[in-house]
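sequence first, predicted model second:
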Amino acid sequence: MREIFYIPDLDYFQTCAQINNSNFANGSFIRTIEWKHFTSPDKNCSIKGTVITKEYPCDPIDSNNYEYPFPDIKNGLKYKKYPKLANNLKDVIICGRLGEYRYYDMDRVIGRAMIVARDILVNSW
């Protein structure tokens, strides 16, 4: 679940784009994201206020809150249809969390992307 706050009279809420909350004494949210950090500094001076998103863990029973594929039989069967469809598309590469229909930690996402890129480069020469 996400809560989004606009704070009109504050230039910056935090020192970087994302801060993870490892101490639930600070609140039950997982992290805060300040979107202004993703834009260029020269544009930020014209932005009044800032926007913060707080992310909270969700109940795994509520499928409307899933952000990543949930590894159940229904989704597994659905995923098995995609490679067959993708094989008929030229110049389409499917990889990553949503492309492979699974959760990866960021280091594994980057590693997987590097493997896919290497395979593309090796096979295209």
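That came through, no problem. Numbering: from 1, shown residues only.

who does the helix or strand harbouring residue 33 touch, helix- and strand-wise?
Counting by DSSP states H and E, the element that carries residue 33 is strand 31-34. The contact analysis (3 or more C-beta pairs under 8 Å, 6 or more residues apart in numbering; DSSP states H and E) places strand 31-34 against strand 18-20, strand 50-55. No exception for glycine: its C-beta is placed from N, CA and C like everyone else's.

now do that strand, average pLDDT.
If you average the pLDDT over strand 31-34, you get 94.

which SSE is immediately downstream of that strand?
Once the chain leaves strand 31-34, the next helix or strand it forms, by DSSP H and E, is helix 41-44.

out of the helices and strands packed on strand 31-34, the one nearest residue 111 is which?
Of all the helices and strands packed on strand 31-34, strand 18-20 sits nearest to residue 111, with 20.9 Å by C-beta to C-beta.

make TSV out of the helices and strands packed on strand 31-34 and add mean neighbour count.
Listed next are the helices and strands packed on strand 31-34 as TSV, based on neighbours: other C-beta atoms under 10 Å:
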stretch	mean neighbour count
strand 18-20	12
strand 50-55	17
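
is it possible to get JSON lines of those strands that adds distance to residue 34 and mean pLDDT?
Listed next are the helices and strands packed on strand 31-34 as JSON lines, based on distance: least, C-beta to C-beta, whole Å; pLDDT from 0 to 100:
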{"stretch": "strand 18-20", "distance to residue 34": "8", "mean pLDDT": "94"}
{"stretch": "strand 50-55", "distance to residue 34": "6", "mean pLDDT": "94"}
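
which one of the ones you listed lies closest to residue 88?
Evaluated over these, closeness to residue 88 peaks at strand 50-55, with 37.1 Å, by C-beta to C-beta.

tell me the helix or strand right after that closest one.
Using DSSP H and E, the next helix or strand after strand 50-55 towards the C-terminus is helix 73-86.

chain center to that following helix, what's the gap?
Here helix 73-86 is found 21 Å from its chain centre; the criterion is C-alpha atoms, centre = their mean, to the nearest Å.

following the chain onward from that helix, which element is next?
Using DSSP H and E, the helix or strand that follows helix 73-86 towards the C-terminus is helix 96-99.
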